[in-house]
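S.K.: Sequence first, predicted coordinates after that:
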Amino acid sequence: MMKKLFKCTVCNFIWEGENPPAVCPKCGQPHEKFAELTSENADKVYKSERTNDIHAEIITLIDRIIALSREGIELDLDPACVSGFKQAISEGYIIKQRAKAEIENHIGKGKW
Ligand SMILES: [Zn+2]
């Protein structure tokens, strides 16, 4: 069952509950500055929440892959390894940028 969502019209903070908070936890504006999201927009927020979390986790994992690959390049055991680590960095970068672009697109469509 979906709860109501309210959005601060000053800073875009989203609050879940029966009523808006007394003051915005982010910018401190009073509850009058909150507007209830339409059920269509609330639905977008709920459906996108897990997806955006997955993208964020992928970005974190890729950062780890990039750090490990840099360490492997530093160790320089043999050319095949170094080449593989360099490839992992460039492929990781593509995956990371794709995930960031998706998050940005979602935010632009109110899916966050
Ligand atoms: Zn606010």
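M.R.: Received it, and whenever you're ready, just let me know what you need.
S.K.: Near residue 28, how many other residues are there?
M.R.: Neighbours of residue 28 under the rule other C-beta atoms under 10 Å: 11. Any C-beta I mention is one placed from the backbone N, CA and C, and that applies to glycine too.
S.K.: same for the longest helix along the chain, what does it pack against?
M.R.: The single longest helix within the chain, with elements called by DSSP state H, is helix 39-75. Counting contacts by 3 or more C-beta pairs under 8 Å, 6 or more residues apart in numbering; DSSP states H and E, helix 39-75 is packed against strand 5-8, helix 79-108.
S.K.: closest to the ion out of those?
M.R.: Nearest to the ion among the helices and strands packed on helix 39-75 is strand 5-8; the distance by C-beta to the ion comes to 3.1 Å.
S.K.: chain center to that closest one, what's the gap?
M.R.: Taking C-alpha atoms, centre = their mean, to the nearest Å, one finds the center of strand 5-8 at 19 Å from the center of the full chain.
S.K.: tell me the domain boundaries of the chain?
M.R.: Structurally, the chain divides into domains by automatic domain parsing as follows: 1-37, 46-112.
S.K.: In a markdown table, list the ones you listed along with mean pLDDT.
M.R.: Conversion of the domains of the chain to a markdown table gives the following (pLDDT from 0 to 100):
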| stretch | mean pLDDT |
| --- | --- |
| domain 1-37 | 94 |
| domain 46-112 | 95 |
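S.K.: just checking, which of the helices and strands packed on helix 39-75 sits deepest inside the structure?
M.R.: Stretch with highest mean neighbour count among these: strand 5-8 (a mean of 22; mean count of other C-beta atoms under 10 Å).
S.K.: What residues does this structure have near the ion?
M.R.: 8, 10, 11, 13, 24, 26, 27, 29 (C-beta under 5 Å from the ion).
S.K.: Just give me the neighbour total for the fifth one.
M.R.: Neighbouring residues of residue 24 were enumerated by other C-beta under 10 Å; the total is 22.
S.K.: got the contact list for it?
M.R.: 8, 10, 11, 13, 15, 30, 33, 34 (C-beta atoms under 8 Å, 6 or more residues apart in numbering).
S.K.: I'd like to know how far the residue lying farthest from the centre of the chain sits from the ion.
M.R.: Farthest-out residue of the chain from its mean C-alpha position, per C-alpha atoms, centre = their mean: residue 78, at 37.1 Å. Distance of residue 78 to the ion, given as C-beta to the ion, to the nearest Å: 55 Å.
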